[in-house]
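Engineer: With the sequence up front, the predicted model follows.
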Amino acid sequence: MKRLRRCKIVATLGPASSTRETIEALFQAGADVFRINMSHTDHDGLRERVAMIRAIEAEVGRPIAILADLQGPKLRLGTFAAGGVDLAKNATFILDADETPGDAERVHLPHPEILKALKPGDKILIDDGKVRLHVIEAEAQRAVTIVDVAGRVSNRKGVSLPDTEIAVSAMTEKDRADLTAALEARVDWIALSFVQRADDVAEVKKIAGDRALVIAKIEKPQAITRLDEILALSDGLMVARGDLGVEMPLEKVPGLQKRITRGARRLGKPVIVATQMLESMITLPVPTRAEVSDVATAVFDGADAVMLSAESAAGQYPVEAVATMNRIAEEVEKDAIYASFLSAQHAVPEKTAADAIATAAREIADTLDAAAIVAWTFSGSTPLRIARERSSAPLIALTPNQQTARRLVLAWGVHAVITDDARDVDDMTERASRIAREEGFAMHGDRIVIIVGIPFGTPGATNLIRLARI
């Protein structure tokens, strides 16, 4: 099975998509990657869903990627004696270390690290920003605030801190246990929430080793200020627009989406645009026109993948949501101006052999109108560098490594095929030509561009381009 589009689709699994039949229907509708949200999945559920996906993978004969999304720290208020209170604009309200149930004047904040980090002027957002405060006095045990946006606050409501860097790891004990379970289940990608600094990513990568690649979710202002260093250390990025839109002015999010997308592409690392893409399809069988434009914009920007969250996890129309996203992406990629959008964003190649080969492969394929670029790879680094070029020719990655094939599913335009490593130049050429034809990308008489490293089987040794005619 080959997809007609280059931008990939990530579908989140949940109550609406918990059966093998539904997961298979999501794959057939266009899902390339399945996200398992560890905020709502226990370890037995994780293993069960991974087993279902792998069974479908074996049945359809195509690699399928699995992304485990760690919950991250959840910052919440304590409880109120009356269950909740209404805060008036300009009222004084105290957050403190006292565990006594709160009232209209104060409430317990069960996070001493926050109280230590707050400083006068810092904003505090409660319940996804529905209530907003700012700090006027800060001590180690209490913070005095003024209510800027009035509203009701109640037990255990979430707290966001756009101005405050908290001295806490992006991983909780739950996340560590979830990460271990995900690695044991052999998922392909790990998404890390609450990233504030590159060290957060390094912590997960140290544990994961070579067992899974790590995606940094960009959802906090602190991550934006350190975007380059986070990007350099991560294997991919996710534009988590929901939380980003809570902690930053909404009008800044579209520009940040483009900045993050282009930054990831510049380094040849997959980037996912996520959150509320087809939100109305949670309850309706068709999206709004604005949502269609939103998905289309991400595709025009060259995002590696677009993601469905509640639409496929808990919505009434999970399969229809994937099919709709698939149709939008296909239509965008057929548009006459699509190629010019991608071309305008070409990154300047680094002075490395890998970048030189990738750039040359795109230019040769485009000049000769090649039917496909075929890249032999073990680690997956060569196809990722070629994918960064956004060539008009399909990109087929041939690898003997099943893990590599699954990881590459997330990358823009990559069609991964598992096959034995090439024995010699003749075998390399013959099999690349045959697979390109069998997979439906080339016909008799077509030209293909073949990329390989010599000596064969040596990771990171990409150094040869060969033209072949089918």
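Structural biologist: Now that the structure is in, tell me what you want to look at.

Engineer: Only C-alpha atoms from now on, for both contacts and neighbour counts.
Structural biologist: Noted.

Engineer: measure E99 to M307 for me?
Structural biologist: 40 Å (C-alpha to C-alpha, to the nearest Å).

Engineer: Looking at those two, which one has more neighbours?
Structural biologist: Taking neighbours as other C-alpha atoms under 10 Å, E99 and M307 compare with M307 leading, 29 against 12.

Engineer: got the contact list for that one?
Structural biologist: Residues in contact with M307, defined by C-alpha atoms under 8 Å, 6 or more residues apart in numbering, are 9-12, 272-275, 277.

Engineer: ok, what's across the strand from it?
Structural biologist: For M307, the beta-bridge partners are V10 (DSSP bridges).

Engineer: L467 now?
Structural biologist: Assigned bridge partners for L467, using DSSP bridges, are V449.

Engineer: what about it, how many residues close to it?
Structural biologist: Other residues close to L467 by other C-alpha under 10 Å number 15.

Engineer: For the remainder of this discussion, apply numbering that starts at 38.
Structural biologist: I'll keep to 38 as the first residue from here, and by that count the last item is L504.

Engineer: didn't it look like it was pressed against I488?
Structural biologist: No. The criterion here is C-alpha atoms under 8 Å, and L504 misses it with I488 at 9.0 Å.

Engineer: Name the member of the contacts of M344 with the most neighbours.
Structural biologist: Neighbour max across these (other C-alpha under 10 Å) = A48, 31 neighbours.

Engineer: residues in contact with that one?
Structural biologist: Contact partners of A48, counting by C-alpha under 8 Å, 6+ apart, are 63, 68-72, 344-346, 349-350, 359.

Engineer: Apply 7 Å and report the result again.
Structural biologist: A48 makes contact with 68, 70-72, 344-346, 349 under the criterion C-alpha atoms under 7 Å, 6 or more residues apart in numbering.

Engineer: could I get the residues you listed as CSV with pLDDT?
Structural biologist: Output for the contacts of A48, formatted as CSV (pLDDT from 0 to 100):
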residue, pLDDT
A68, 98
V70, 98
F71, 98
R72, 98
M344, 98
L345, 98
S346, 97
S349, 98
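
Engineer: need the helices for the stretch 288-437 of the chain, in chain order.
Structural biologist: 290-303, 326-337, 347-350, 355-371, 375-380, 390-405, 418-425 (DSSP state H, counting those that start in this stretch).

Engineer: List just the one of those helices that sits closest to M480.
Structural biologist: helix 390-405 (15.1 Å; C-alpha to C-alpha).

Engineer: Which residues does the closest one contact?
Structural biologist: Contacts for helix 390-405 (C-alpha under 7 Å, 6+ apart): 386, 410, 419, 422-423, 426, 428-430, 486, 499-500.

Engineer: Tell me the one of those nearest T209?
Structural biologist: Scanning the contacts of helix 390-405 for proximity to T209, where the rule is C-alpha to C-alpha, the winner is R422, at 33.8 Å.

Engineer: tell me the pLDDT at the closest one?
Structural biologist: We have a pLDDT of 93 for R422.

Engineer: That one contacts G305, correct?
Structural biologist: Yes. Applying C-alpha atoms under 7 Å as the test, R422 and G305 come out as touching, 5.4 Å apart.

Engineer: Where do the domain boundaries of this structure fall?
Structural biologist: As assigned by automatic domain parsing, the chain contains the domains 45-109+206-371, 121-197, 390-506.

Engineer: how far does the first one sit from the chain's center?
Structural biologist: Right, domain 45-109+206-371. 4 Å (C-alpha atoms, centre = their mean, to the nearest Å).

Engineer: start to end distance for it?
Structural biologist: Rule used - C-alpha to C-alpha; the end-to-end distance of domain 45-109+206-371 is 15 Å.

Engineer: again, but for stretch 228-243
Structural biologist: 14 Å.

Engineer: Any stretches of this structure with poor pLDDT?
Structural biologist: Along the chain, the parts satisfying pLDDT under 70 run over 494-498.

Engineer: residue contacts, I507?
Structural biologist: 470, 480-484.

Engineer: Among the residues you listed, name the ones in helices.
Structural biologist: When the contacts of I507 are checked against helices (DSSP state H), the matches are S470.

Engineer: before we move on, back to that, need the domains of the chain in JSON lines (columns: distance to L379).
Structural biologist: Shown next, in JSON lines, are the domains of the chain (distance: least, C-alpha to C-alpha, whole Å):
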{"stretch": "domain 45-109+206-371", "distance to L379": "6"}
{"stretch": "domain 121-197", "distance to L379": "35"}
{"stretch": "domain 390-506", "distance to L379": "7"}
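
Engineer: closest to K39 out of those?
Structural biologist: That would be domain 390-506 among the domains of the chain, by C-alpha to C-alpha, at 7.0 Å.

Engineer: so how far is the first residue of the closest one from its last?
Structural biologist: First-to-last residue span, domain 390-506, C-alpha to C-alpha: 25 Å.

Engineer: One more: stretch 351-360?
Structural biologist: So stretch 351-360: terminal residues 16 Å apart, C-alpha to C-alpha.

Engineer: same deal with stretch 144-156?
Structural biologist: 18 Å.

Engineer: How far does that stretch sit from its chain's centre?
Structural biologist: 30 Å.

Engineer: Just the buried residues of it, please?
Structural biologist: Neighbour-count burial for stretch 144-156 flags 144-147, 151-153, 155-156 (criterion: 16 or more other C-alpha atoms under 10 Å).

Engineer: do stretch 326-343 as well
Structural biologist: 328-329, 331-343.

Engineer: for the helix or strand containing T466, packing partners?
Structural biologist: If you go by DSSP states H and E, T466 is part of helix 462-475. Contact analysis of helix 462-475 by 3 or more C-alpha pairs under 7 Å, 6 or more residues apart in numbering; DSSP states H and E lists no helix or strand as a packing neighbour.

Engineer: ok, now with 10 Å
Structural biologist: strand 409-413, strand 432-436, strand 484-490, strand 499-506 (3 or more C-alpha pairs under 10 Å, 6 or more residues apart in numbering; DSSP states H and E).

Engineer: Which stretch among these approaches R364 most closely?
Structural biologist: Nearest of the helices and strands packed on helix 462-475 (C-alpha to C-alpha): strand 432-436, 20.6 Å.

Engineer: elements contacting the closest one?
Structural biologist: Using 3+ C-alpha pairs under 10 Å, 6+ apart, strand 432-436 sits against strand 409-413, helix 418-425, helix 439-445, strand 451-455, helix 462-475, strand 484-490.

Engineer: would you turn the ones you listed into JSON lines with mean neighbour count?
Structural biologist: Shown next, in JSON lines, are these (neighbours: other C-alpha atoms under 10 Å):
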{"stretch": "strand 409-413", "mean neighbour count": "28"}
{"stretch": "helix 418-425", "mean neighbour count": "25"}
{"stretch": "helix 439-445", "mean neighbour count": "23"}
{"stretch": "strand 451-455", "mean neighbour count": "24"}
{"stretch": "helix 462-475", "mean neighbour count": "17"}
{"stretch": "strand 484-490", "mean neighbour count": "24"}
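
Engineer: That's all I had, so thanks and see you.
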